[in-house]
Structures are given as structure tokens and as C-alpha cells.
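> no FASTA, just this:
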């Protein structure tokens with residue numbers, strides 16, 4: 001049972017890191033600039049471990065958006081696959097795609113292909129920004145649900161934080177994320193700036209705490225930590241979530257930034 005629950009947490013951690021926002025808190029007016037720390041073609045691969053055992057692989061990609069749209073957009077794609085050893089007990093093969101407006105960093109359309117154990121589920125959200133509603137389709141049933149104007153989805157929220165959070169100790173930001181008929185209230189806070197060792201070498205990173213005041217997704221443990229590089233790419237190097245026994249850790253192993261890290 002622990003292995004199954006752990007792999008469920010793995011799937012959530014890898015397919016979206018966090019969930020759940022009253023309006024955004026900007027560091028300054030320049031935060032509204034369309035310049036972003038990521039670009040189409042970016043591909044980041046993570047090795048997932050639990051108790052120092054390889055549990056799976058996650059890949060985060062930035063793809064081309066809607067060419068017919070009147071505003072710039074991109075498709076954020078995250079996949080999570082369990083390792084061969086875990087697959088024998090509880091296979092995970094998830095894929096999330098979020099079409100997002102790059103000017104506002106608000107999602108327009110999200111699909112979640114969820115395959116965990118014997119569970120097979122397809123979820124789709126269409127965000128209607130003019131009406132502040134979302135059409136949520138799950139299990140073949142579609143509902144129209146009111147949402148706050150700045151609502152994110154489970155994957156766009158990471159790129160939103162990556163773009164707009166001020167990477168200085170003590171900085172914080174509020175988010176609103178919609179998922180599964182609920183508006184999730186989340187605070188993101190920079191705990192400290194530190195040098196972080198890993199497959200990427202030794203890089204300066206901001207340790208960011210994602211505070212989730214609700215239970216359920218992470219076996220009642222709640223909070224997640226993400227380490228972003230403090231350079232212009234703000235790459236998430238490591239993600240960590242506590243579970244009942246130990247922690248699940250996602251470390252970047254491919255797609256390591258090639259930038260000038262000198263101050």
C-alpha cells in the first residue's frame with residue numbers, strides 16, 4: 001500500500017508540483033513584461049527517487065502554442081512515468097498539457113491523461129476568461145464552474161511562479177489554482193538563497209516553499225519545496241515533497257542550463 005501511495009504522490013509531484021489563489025503579487029511593474037525565463041524547445045528531465053530508490057522519470061517541455069491565436073502562447077507539457085521496478089507493482093504513465101497565454105501567463109486549455117495503476121482517466125478544462133468560468137470535463141460529464149480572474153491550472157502555476165516570483169529571501173506570492181471542482185489557496189515563499197549540489201554541479205538556487213493549507217494530495221504532509229536557479233533561466237533544479245515515510249525527490253538530470261552564473 002505504501003508503494004502505491006508513494007507512486008501516486010510521485011505522479012502528482014511530477015505532473016504538477018503543486019496545486020491550487022487571490023490575485024497575483026508582482027515584484028514590480030517589470031514583472032508584467034512578456035519576457036520569460038523559458039522558451040519554446042526547453043526540455044527538462046528529472047529523476048525521481050524515494051528512500052534513495054529510483055521511482056520514475058518526469059519530463060517538462062515547452063512546446064509551440066496556438067498559431068492562429070491573436071496573442072503569443074505556449075504549450076506546457078509534463079509527463080511522468082514510473083520506473084520498471086515500480087511499474088511491476090503500480091504503473092504510472094501521466095501526461096498533462098496546458099495551453100497558456102504568454103502575455104498574462106493564464107491557462108486557456110488543459111488536458112490531463114491520467115494512468116495510475118488500474119485507474120484510467122481523462123480530464124479537460126477550458127478556461128473562459130471573459131466570463132471568469134471554466135468548462136470542466138471529467139468522466140464524460142461537463143460542468144461550467146465560476147473561477148477567480150487569475151486562476152491557474154496545475155501546470156501553468158509552476159511557470160507563473162518561475163516567471164514572477166522575486167527570488168530574494170522572504171519574498172512571497174499568492175496563487176489561485178483550479179483542480180477537481182476546487183479553488184486551491186496557495187502561498188509561495190522564498191526561504192533562503194543557497195548553493196545547491198547535484199547533477200548540475202554547484203549552482204546558486206532559491207529554496208521556495210509551496211504552502212498548501214489543505215490535505216489529501218500528499219498523504220496529509222502538505223508542503224512542497226522547489227529550488228530555482230537564481231540566474232535568468234530560473235530553472236527548477238530540485239523538487240521535494242514529504243510523505244508518510246521519508247520524502248520524494250525530483251532532481252534535474254538533463255536540460256541543465258548553460259548560462260553565465262557569474263555575479
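Received, thanks. Fair warning: this is a prediction, and the values are worked out from it, not measured in the lab.

> could you say which helix or strand contains residue 159?
helix 156-164 (DSSP states H and E).

> which strands and helices sit next to that helix?
Counting contacts by 3 or more Cβ pairs under 8 Å, 6 or more residues apart in numbering; DSSP states H and E, helix 156-164 packs against strand 73-82, strand 93-101, strand 106-116, strand 172-179. Just so you know, the C-beta spots here come from the backbone N, C-alpha and C atoms, and that holds for glycine as well.

> Nearest residue to residue 62 in space, please, no chain neighbours.
residue 42 (4.4 Å; Cβ to Cβ, 6 or more residues apart in numbering).

> What is the subsequent helix or strand relative to the helix or strand of the chain with the lowest mean pLDDT?
The helix or strand of the chain with the lowest confidence, counting by mean pLDDT, DSSP states H and E, is helix 2-16 at a mean of 43. Next along the chain after helix 2-16, taking DSSP H and E as the criterion, comes strand 43-50.

> Name the strands paired with that next one and say parallel or antiparallel.
Strand 43-50 has its sheet partners listed here by DSSP bridges as strand 53-64 (antiparallel), strand 247-254 (antiparallel).

> in this protein, what spans have low per-residue confidence?
Low-confidence segments of the chain (pLDDT under 70): 1-34, 212-222, 244, 257-263.

> List the buried residues for the helix holding residue 159?
156-164 (16 or more other Cβ atoms under 10 Å).

> And stretch 192-212, by the same measure?
For stretch 192-212, by 16+ other Cβ under 10 Å, it's 196, 198, 200, 203, 205-210, 212.

> Which secondary structure element is home to the nearest residue to residue 138 once chain neighbours are set aside?
Computed as Cβ to Cβ, 6+ apart, the closest residue to residue 138 that is not its neighbour in sequence is residue 123, at 5.0 Å. Using DSSP H and E, residue 123 sits in strand 119-128.

> Who is the nearest residue to residue 156 once chain neighbours are set aside paired with across the strands?
Leaving aside its sequence neighbours, residue 156 sits nearest to residue 107 (Cβ to Cβ, 6+ apart; 4.1 Å). Beta-bridge pairing for residue 107 (DSSP bridges): residue 100.

> Can you report how many residues neighbour residue 107?
Neighbourhood size, residue 107 [other Cβ atoms under 10 Å]: 28.

> now do the one 5 residues further on
For residue 112, the neighbour count with other Cβ under 10 Å is 23.

> how about the nearest residue to it, chain neighbours excluded?
Residue 112's closest residue in space is residue 123 (Cβ to Cβ, 6+ apart), at 4.1 Å.

> Contact partners for residue 113?
94-96, 122 (Cβ atoms under 8 Å, 6 or more residues apart in numbering).

> Then residue 139?
Applying Cβ under 8 Å, 6+ apart to residue 139 gives the contacts residue 121.

> can we see that at 6 Å?
With contacts defined as Cβ atoms under 6 Å, 6 or more residues apart in numbering, residue 139 has no neighbours.

> ditto for the one 3 residues further on
For residue 142, the residues meeting the contact criterion (Cβ under 6 Å, 6+ apart) are residue 135.
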